[in-house]
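> I'd like to go over a predicted model; first the sequence, then the structure.
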Amino acid sequence: MQSRQLNRRQYFNELATTSEKYFIPYIKRYRQVGKGTKVLEIGCGDGGNLLPFSRMGCDVVGVDMAEGRIRDARKFFQENGAKGRFIASDVFLLKELRHQFDLIVCHDVIEHIDDKEEFMHKCKQLLKTRGG
């Protein structure tokens, strides 16, 4: 394990930078993202990927099965004065999240999923009709 993965704050900041510099510009090539966009990250860990979306005015929700990561996400968002909702759960058990999101982010997650086709089917259920 690399030292940046042991230092959760450093890792959070690195993910936020990567998201801001690379993910968001790429996504913006295909769809509008900004104030009011509802963004879900599945497997959000400490929430670093979501910080730039929150700063843009997006409504962000992060879900991760690791309670410790969710605690860190809440703490890091609070330290950054950012808004976000973080839930420790299997995202597919949260029926209230169905058809709520414009955009789903999965970073370093899909490679851990055995049944990718079923995963994508379940993700589609979380998107609004025109989500991506």
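Received it, and whenever you're ready, just let me know what you need.
> what about the strands in this structure?
Using DSSP state E, the strands of the chain run over 38-42, 59-64, 85-88, 103-105.
> show me what the last one pairs with in its sheet, parallel or antiparallel.
What it means is strand 103-105. Strands that pair with strand 103-105, judged by DSSP bridges, come out as strand 38-42 (parallel).
> can you list the residues that contact the partner strand?
With C-beta atoms under 8 Å, 6 or more residues apart in numbering as the test, strand 38-42 has contacts from 33, 47, 49-50, 53, 58-63, 91, 97, 100-107, 109, 123, 126, 128. All C-beta spots, glycine's among them, are computed from the backbone N, C-alpha and C.
> ok, R69 - how many residues close by?
R69: 19 surrounding residues under other C-beta atoms under 10 Å.
> same thing with the one 5 residues further on?
Applying the criterion other C-beta under 10 Å, we find 17 residues in the vicinity of R74.
> does it touch A88 like I think?
No - in this structure R74 lies outside contact range of A88 using C-beta atoms under 8 Å: 10.0 Å.
> by residue count, what's the longest helix in this structure?
With DSSP state H setting the assignment, residue counts place helix 67-79 as the longest helix in the chain.
> where in the chain is pLDDT low?
Applying pLDDT under 70 to the chain flags residues 1-5, 130-132.
> so which residues of it form helices?
Here the chain has its helices, by DSSP H, at 3-6, 8-18, 24-28, 51-55, 67-79, 116-126.
> wait, which of the strands of the chain is closest to R8?
Among the strands of the chain, strand 59-64 comes nearest to R8, with 12.7 Å by C-beta to C-beta.
> between the closest one and helix 116-126, how big is the angle?
Orientation note: strand 59-64 sits at an angle of 150 degrees relative to helix 116-126 (axes from the mean of the first three to the mean of the last three C-alpha atoms, to 10 degrees).
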